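Trainee: okay, structure incoming, though there's no sequence with it:
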């Protein structure tokens, strides 16, 4: 279970980067297809478009799982502490009025809840 929690935490840390990547892709001009076939099965524009769709799908799955969490403490830990990195652990403890050990317990609960919801979304 500990390894799963670590993987989910890393996924959430990458979430903000995925959002930036998708925003950057959206700001690039639309791909143009010249109608000339190449020897490969995909050209650069197709590959970028497929990557864009994949990033959008990954973001939606993460956001759906995050939005399904009802507990405001879990939402705070996942969004403000892990994803946005707005607070240090001590500041987060202060915001939630809990000890470090209670915070770690809540953090693991939040990550496990997210993992279950994300796993359910992934099938």
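Mentor: In hand now; what should we look at? Not measured: the values here are computed from a predicted model. Numbering: from 1, shown residues only.
Trainee: check contacts around the most centrally placed residue in the chain.
Mentor: Most central in the chain under CA atoms, centre = their mean is residue 15, positioned 2.9 Å from the mean C-alpha point. Residue 15 makes contact with 59, 62, 83, according to CB atoms under 8 Å, 6 or more residues apart in numbering. The way it works is simple: take the backbone N, C-alpha and C, and place the C-beta from them, glycine included.
Trainee: OK, contacts around residue 65?
Mentor: 114, 117, 118, 120, 121.
Trainee: what residue ranges in the chain are flagged as low confidence?
Mentor: For the chain, applying pLDDT under 70 flags the ranges 1-2, 25-43, 45-46, 48-49, 52, 121-123.
Trainee: swap in 80 and give it another go.
Mentor: Across the chain, the ranges flagged by pLDDT under 80 are 1-5, 16-56, 120-123.
Trainee: what ranges do the helices span in it?
Mentor: Secondary structure of the chain (DSSP state H): helices at 2-27, 44-67, 72-75, 89-96, 100-122.
Trainee: what's the burial count for residue 82?
Mentor: Number of residues near residue 82 (other CB atoms under 10 Å) recorded here: 23.
Trainee: was I right about it contacting residue 9?
Mentor: Yes: using CB atoms under 8 Å, residue 82 makes contact with residue 9 at a distance of 6.4 Å.
Trainee: might you report the residue contacts of the nearest residue to residue 79 once chain neighbours are set aside?
Mentor: Leaving aside its chain neighbours, residue 79 sits nearest to residue 66 (6.9 Å; criterion: CB to CB, 6 or more residues apart in numbering). Each residue near residue 66 by CB under 8 Å, 6+ apart is listed here: 75, 78, 79, 114.
Trainee: nothing else from me, thank you.
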